[in-house]
Every structure is written in structure tokens, then in C-alpha cells.
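this is the structure alone, sequence omitted:
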């Protein structure tokens, strides 16, 4: 079968032979052939990825080689611009890149299978990147063979109905097992290339954040309810804090610096004493038996505060910035006392992660179809008596009405009005943004994505609905505060053709201009990758 499928590329007549083989297979044989091909492609893809990594690392040993799009090439391009250190620092401050994981509710691959593929990839990398004696190489091959055998003997998909929570956990698999671990190395590589090419020695600001639609995408996904989105927030929060707790334990084991050997800052001593009182940690606690190990004491206190943060009880962190402040105290003390290498290898990698993932892990996006938004807008305007048959009006009239209503301080809706299930659903979807900001983190959510966006009125409708739910505040005919970012998604060929005129017209409107002016207070330029 495998040989014939390869021949099929050059000999179309081979199709007949394949059909003959397939027609003779019984159910059990058919299952085994399908499974064999599925596993084969998993393994080939893993081997191909590893091969690319190995080739790239070999090329990197040549200091003259620059892969297009690499940090090395980017640094060389920047060097040609002859920027000053201040100019480069300003550029870096204005960059924010947010790769977004989109939702795929039909994806059924189990985490069990994903873990096996990850282990195979790591074993292949170890084999390819190490100088191993024959017996060690045989041991790695045996481990790979074991994983392949287990792949064959495992169910690759679930036989129970997949829930949104299953989908959320599958998406988090990649964040927890790949992105979380590799993030500090990405920054180290960038810092190295900028230092080498441009002699840039300053610390790189946080450039990367991450987003996800999983648990927030409602377009065509009937099981993503408000409760599901809230649970997604809570899962994200739980998983990232658990990762932090695990990493703190590792740092604690290594960071054995003693004030008997090297001085520490008075600020750190004071903070340890303050935390000791607040957390009511006794001197007989086995983690605090060596009184000169202030860094370990501080790490243990941070661990306790983080544990309390999960439950929201006792002395705990309200925001991730409070955790960063504690790490800053530790960093500064080490830097003042010959601990730069300790900061670089133990504190900064963890600091980068907290800076990137906060207590929310990934920013959750809400997505809804433009048609449902239009229906909700028409019902809201009709029920309140503002405009009858809004859906039948020409686009220019819709824009004019929406602009006036957006900057009108008077609300349209009130708690006593009865709306349809769809309209209540749209309003509650927008309210979930405020819930996430208040209960999880201001960084946990802000983006509302409009699928199949066709008109300026689609975007203004969400802006008006956001005002109705309190996310947008107006005064004296202007928007003075906005906690929502509206992202029109142009999906069809027709949408794309229309997108330029929609965006041009949108940016010329005073109502949205005011929101953009508010957003300009944040100097970040958003690069959204879907």
C-alpha cells in the first residue's frame, strides 16, 4: 500500500491496484492499515521537524550564515539603519506580538498521544545533537521503539463526547509543554544577537503575549456558554499558577546563597520579615531552618502567597505585578552582591514568564458572527423605541444612527426590558469581558472579534453594545474610556474586497476616532497573528 501510494504520483494507473488491495481487506485489516498510516505520518512529521532544527543549529555555528527572518538577520538589518541605542530601545518598547491559537472543536487528538509525540521528538533531538557511545544510542532507539509501540497500542481519539474543557486543555498542552519552557530562550537568543551586532546591552522589554479563541469562540460553537468561558478563565489561571509553583520549587533547590557568605540588601531582609508576619510562618518550619538563606526564605514565602492566590484566601497576590515586585527585590539584591549570573540563569527566566503570562496565562478572545450581532442591534433599537426596522435602513443611515447613540450618555436598555435569547446572549458575551478584567486580570481579555464582518455598522454596533454594558464610557459627546478592542474579521473573498473601504470609512468616523485616541495612550502597536 505504501509503495503503491508513492507510485501513484507518477503512475495514475496504480490507483486500480490500490483499490484491489483495499477491496480485499476485512474490517480488522482496514483498521490496522489506517492506524499504521496515521502513526507513520505522525512519526515522519516529528522526524522532519527535528531534521529542520538540527540543520538550523548546524547553520548557526557559521557566524556568517543568516537565515531569512531569523534574529541574526533582523539584527543585521537594524545595524544597517545606524540607529542609536535610544532609538532602538524606543522601537523595542513599541512592539507587541500576539500569536493567537484559534479554536478547532473537531480536533480529537488526545493529550496522551501528544505527549508521546513530544517524547519521541525529544529523543530524536538527543540522538541527533549528542555524541553518544554505541550503547547509549541503542538505549535511545529502544526508548523510541517503546513509544511507537505504545502509540500503536493506545487509542488515538476519545470514545467519549469531547467537551469544550477537553478542547481548552488540549490547547493548553502546547502552552504548558512547549511555549512556557522555550520562552526565556527566545529572549536570550534575541538579546545575544542584538548585543553581538549592535552592542545593545539593555534588557529587552516584554515583546510577546499569547492569545486563544478556545473557550471564547462562539461562532458556530453552541456549547461555548458564559459559564464555559468563565470556567476557561479559571482553568487558565489555575494551570499557570501551578506552573509557577513548580518552578519556584526548582529555584528554591538551587538558590542556596547565604548571607554568611555574601551580603544581601536591607530591602530583601525587610520584605522577608514583613512576609513572615503576614503569613504567620513559624521558625520551626523545615523550609526556614537555615536563617542565613534569605533568598530561600523569600522564595518559600512567594510560594505560600501564590498557593493562597489560587484559593483567594489568606495573604495572597491580587495581581501578577505584585509578584514581579517581589522578584525585583530579589533580583536587585543579587545584582548588588555578585549574583548577576544567578539572576541571568534562575531569576530572569522565571521573571520573563510571569511578565508574559501573568495570572491569566493567555488572553482569551470572544468571537461572534456579524449576523447575530446585527439581529441583536436591530432588536435593541426597536424594543427601546429608538429606531424601527433598523435592519432595513441603508448603510449610511445606520452609521449615522449608531454614531449618535454611541456618544449619547443616555443608555438604551434597562433591566426591565425583555429581549430574545440571541440579544441577551450577545449582551452577556460583551459583559464577560468586564467579568474577566475584574475577576482574573486586566490582561485576560479585551478583544471582541466579528466574524464575516461586512460593514462599518457591524463594528459600530459592538461599540454601542459595549457602551450599554459599561465597557465604554462617554462624556460630553466623546468616548472617554474603552475596555474593549473590536477586531473585524474579513473571511470571504467578498469580505476581503470590501475590507479596505470599510476600514477607511471607519477611521474617518468621529465616534471610533475617539476610541482610537483613547487607545493611543497605550504605545503598543498590535500585530495580530491569526
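Cool, the structure landed. Note that this is a predicted model, so its numbers are computed, not measured.

give the other helices and strands that the strand of greatest length in the chain contacts.
The single longest strand within the chain, with elements called by DSSP state E, is strand 95-101. Where contact means 3 or more C-beta pairs under 8 Å, 6 or more residues apart in numbering; DSSP states H and E, strand 95-101 is packed against strand 211-212, strand 525-529. Every residue, glycine included, has its C-beta placed from N, CA and C.

from the contact counts, what lies against the longest helix anywhere in the chain?
Counting residues, the longest helix found in the chain (DSSP state H) is helix 27-60. Helices and strands touching helix 27-60, as assessed by 3+ C-beta pairs under 8 Å, 6+ apart, comprise helix 111-129, helix 134-153.

return the most buried member of those.
Among the helices and strands packed on helix 27-60, helix 111-129 has the highest mean neighbour count (mean count of other C-beta atoms under 10 Å), at a mean of 17.

which stretches of the stretch 401-530 of the chain form helices?
For the stretch 401-530 of the chain, the helices defined by DSSP state H, counting those that start in this stretch occupy 421-439, 456-468, 493-507, 510-519.

on that earlier part again, could you tell me the least trusted of the helices and strands packed on strand 95-101?
Lowest mean pLDDT within these: strand 525-529, a mean of 36.

for the residue nearest the centre of the chain, give its distance to residue 437.
Centroid-nearest residue in the chain: residue 210, 2.5 Å away (criterion: C-alpha atoms, centre = their mean). From residue 210 across to residue 437, the span is 18 Å (C-beta to C-beta, to the nearest Å).

SS state for residue 277?
Here residue 277 is recorded as helix under DSSP: H, G, I helix; E, B strand; the rest coil.

count the neighbours of it for me.
9 (other C-beta atoms under 10 Å).

do residue 396 as well
Other residues lying near residue 396 total 11 when counted by other C-beta under 10 Å.

same question for the longest strand of the chain, mean pLDDT?
Mean pLDDT, strand 95-101: 92.

buried residues in that strand?
Judged by neighbour count (16 or more other C-beta atoms under 10 Å), strand 95-101 contains these buried residues: 96, 98, 100, 101.

and those, which is closest to residue 147?
The closest of the buried residues of strand 95-101 to residue 147 turns out to be residue 101 (C-beta to C-beta; 25.5 Å).

shaky segments in the chain?
105-108, 283-284, 286, 495-496, 507-530 (pLDDT under 70).

go ahead and confirm residue 272 touches residue 297.
Yes: using C-beta atoms under 8 Å, residue 272 is in contact with residue 297, at 5.1 Å.

what about these two, which has more around it?
residue 297 (24 against 21).

isn't there a helix covering the more buried one?
Yes: assessed with three-state DSSP, residue 297 lies in a helix.

and it, how close does it get to residue 280?
If you measure residue 297 against residue 280 using C-beta to C-beta, the figure is 14 Å.

ditto for residue 504
Distance of residue 504 to residue 280, computed by C-beta to C-beta: 61 Å.

just residue 196 next, same as before
Going from residue 196 to residue 280 by C-beta to C-beta gives 50 Å.

of those two, who's got more company?
More neighbours surround residue 196 than the other of residue 196 and residue 280, with 15 against 9 (other C-beta under 10 Å).

about what we covered before: the helices and strands packed on helix 27-60: which one's closest to residue 215?
Of all the helices and strands packed on helix 27-60, helix 111-129 sits nearest to residue 215, with 16.2 Å by C-beta to C-beta.

so what secondary structure elements neighbour that closest one?
helix 27-60, helix 134-153, helix 164-174.

so for residue 119, which of the ones you listed sits nearest?
Comparison of the helices and strands packed on helix 111-129 against residue 119 by C-beta to C-beta identifies helix 134-153 as nearest, at 5.6 Å.

show residues contacting that closest one.
Contact with helix 134-153 is made by 35, 39, 42-43, 113, 116, 119-120, 123-124, 126-127, 130, 132, as judged by C-beta atoms under 8 Å, 6 or more residues apart in numbering.

need those in CSV (columns: distance to residue 224).
Formatted as CSV, the contacts of helix 134-153 follow (distance: C-beta to C-beta, whole Å):
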residue, distance to residue 224
35, 32
39, 32
42, 29
43, 34
113, 24
116, 29
119, 32
120, 33
123, 37
124, 37
126, 40
127, 42
130, 45
132, 48
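
from those residues, pick the one nearest residue 309.
Nearest to residue 309 out of those is residue 119 (C-beta to C-beta; 31.6 Å).
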